[in-house]
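Asks: The following block contains a protein sequence and its predicted model.
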Amino acid sequence: MAEMMRAIRKATAAPGLVVEDVPRPTPGPEDVLVYVEAASLCGTDLHIWKWDDWSQRRIKPPLTLGHEFCGTVVACGDKVRQVQVGEYVSAESHVTCGMCYQCRTGQAHMCPNTEILGVDREGAFANYVVVPEKVIWKNDRTKLPPDIATLQEPFGNAVFATLAHELAGQTVLVLGCGPIGLFAVGIAKAVGAKAIFASDIRPKRLALGETMGATRVFNAAELGESMVQTVVEANGGYGVDIVFEMSGAASAITTAFRVVRNGGEVILFGIPAKPVEIDVAENMIFKNLTVRALNGRRIFDTWYKTRWLLEGGVVDLRPLVSKTIGFEEINDAMELLSSGEACKIVLLPNGGKPAAIPERSRQREPVPNITGAPVHR
Ligand SMILES: [Zn+2]
Ligand SMILES: [Zn+2]
């Protein structure tokens, strides 16, 4: 009989999640089996928990959730070459086809055949997860504890959106202090933005914005219509150089286009639930704006930058881990996330205990790469 494990599942097409015992998965020839040490909850999981329109269209229950994680490799398929049992890893959550136009031109983050862990295939809110070797990302255990290593996947979104622009010496406004907005504040601070303004409607999130390096925070709920004018005054009477719209709220998107200076840049990253109206003539053309709409991460360019920012201690994400939980607390944790009173919540599926690895399985010889140089981790 197959060995069993615990998993957080969308069991049926209805709101909520359940904790179930399911068979421990077996890796295929090109897959690895990862003992999950930490997995973080994301807005995507919240959509699936709520069972909103998007998840009803996309998710096919039963399914184990979870696409942000780290852990130890405990088994490898026969054709796995560069990953070994015992290695401490995370994974790119987008499993792409490798064959389409986007994949073959360095734009795999737009692959139309993408399967996302915990969305289209079994995820990591479980004791173990199987992932293809090609999405594995190796971590340095001495530099990234599990509750931070799991955050590389969402942090990469912010790295991609934020580092696509020259921020040094510029005034930056981040609209929306959810996790991605707060990550962006930390990155803007690290790369030398002159001033970093951040806005949200919740005082707790604004306080986290200050912790991450915002020079000034604005409560959009309190300021209402006077938000644009208040920000411009705070910037010495000028519009802002670069605006990151991270909330997806229609009112914030409108604000972004009004508050940016002529010739400035607006980056749209937050996902609005419905179409949003913008005055293209007044707020885009006559302002000579550069507008970029971004999604995902560059695979794997963004991961290298993410590693530099986190392993080097350039950005400290510890203040953003609100809570660690066990399996049974999942529905309460989703409530808390839904309330907007938490930032990142981290599940410890194996109670924070290290993986038990049989000594003989560590002895596989690594396969040298073509140049004969040590394999770049
Ligand atoms: Zn996510
Ligand atoms: Zn593809």
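Replies: Everything's here; your move. Numbering: from 1, shown residues only. Ligands and ions are numbered 1, 2, ... in the order given.

Asks: Please parse this structure into its domains.
Replies: 4-151+317-363, 164-293 (automatic domain parsing).

Asks: Enumerate the residues of the chain near ligand 2.
Replies: Proximity of the chain to ligand 2, by CB under 5 Å from the ion, involves residues 96, 97, 100, 103, 111, 113. The C-beta positions use only the backbone N, C-alpha and C, and glycine is treated the same way.

Asks: change it to 6 Å
Replies: 96, 97, 99, 100, 102, 103, 111, 113 (CB under 6 Å from the ion).

Asks: measure the third one to ligand 1 for me?
Replies: Shown here: residue 99 relative to ligand 1, a distance of 25 Å by CB to the ion, to the nearest Å.

Asks: Confirm that that residue sits in a strand.
Replies: No - going by DSSP: H, G, I helix; E, B strand; the rest coil, the assignment for residue 99 is coil, not a strand.

Asks: Excluding chain neighbours, what is closest to it?
Replies: residue 113 (7.9 Å; CB to CB, 6 or more residues apart in numbering).

Asks: coming back round to it: can I get the domains of the chain in JSON lines including mean neighbour count and mean pLDDT?
Replies: As requested, those are exported to JSON lines (neighbours: other CB atoms under 10 Å; pLDDT from 0 to 100):
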{"stretch": "domain 4-151+317-363", "mean neighbour count": "18", "mean pLDDT": "96"}
{"stretch": "domain 164-293", "mean neighbour count": "19", "mean pLDDT": "97"}
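
Asks: for the residue nearest to residue 234 when sequence neighbours are not counted, phi and psi?
Replies: Spatially, and ignoring its direct neighbours in sequence, residue 234 is nearest to residue 216 (5.7 Å; CB to CB, 6+ apart). Main-chain dihedrals, residue 216, degrees, to the nearest 10: phi -150, psi 140.

Asks: which residues does the closest residue to ligand 1 within the stretch 151-300 of the chain contact?
Replies: Relative to ligand 1, the nearest point of the stretch 151-300 of the chain is residue 154 (4.9 Å; CB to the ion). For residue 154, the contacting residues are 40, 42, 68, 179, 180, 183, 344, by CB atoms under 8 Å, 6 or more residues apart in numbering.

Asks: can you map out the helices along the stretch 1-150 of the chain?
Replies: 43-50, 53-58, 101-104, 146-149 (DSSP state H, counting those that start in this stretch).

Asks: and residue 319, that one's in a strand?
Replies: No - with three-state DSSP as the criterion, residue 319 is helix rather than part of a strand.

Asks: I'd like the distance between it and residue 154.
Replies: Residue 319 is 15 Å from residue 154, where distance means CB to CB, to the nearest Å.

Asks: just residue 5 next, same as before
Replies: Residue 5 sits at a distance of 24 Å from residue 154 (criterion: CB to CB).

Asks: cool, residue 38 as well?
Replies: From residue 38 to residue 154 the distance is 13 Å (CB to CB).

Asks: same question, residue 294
Replies: Distance, residue 294 to residue 154, by CB to CB: 14 Å.

Asks: sec struct for the spatially most central residue of the chain, please.
Replies: Residue closest to the average C-alpha location in the chain (CA atoms, centre = their mean): residue 154, at 1.1 Å. Per three-state DSSP, the local secondary structure of residue 154 is helix.

Asks: what's the answer for residue 198, then?
Replies: strand.

Asks: who touches it in this structure?
Replies: Counting by CB under 8 Å, 6+ apart, residue 198 touches 173, 174, 177, 181, 185, 206, 209, 210, 214, 216, 217, 218.
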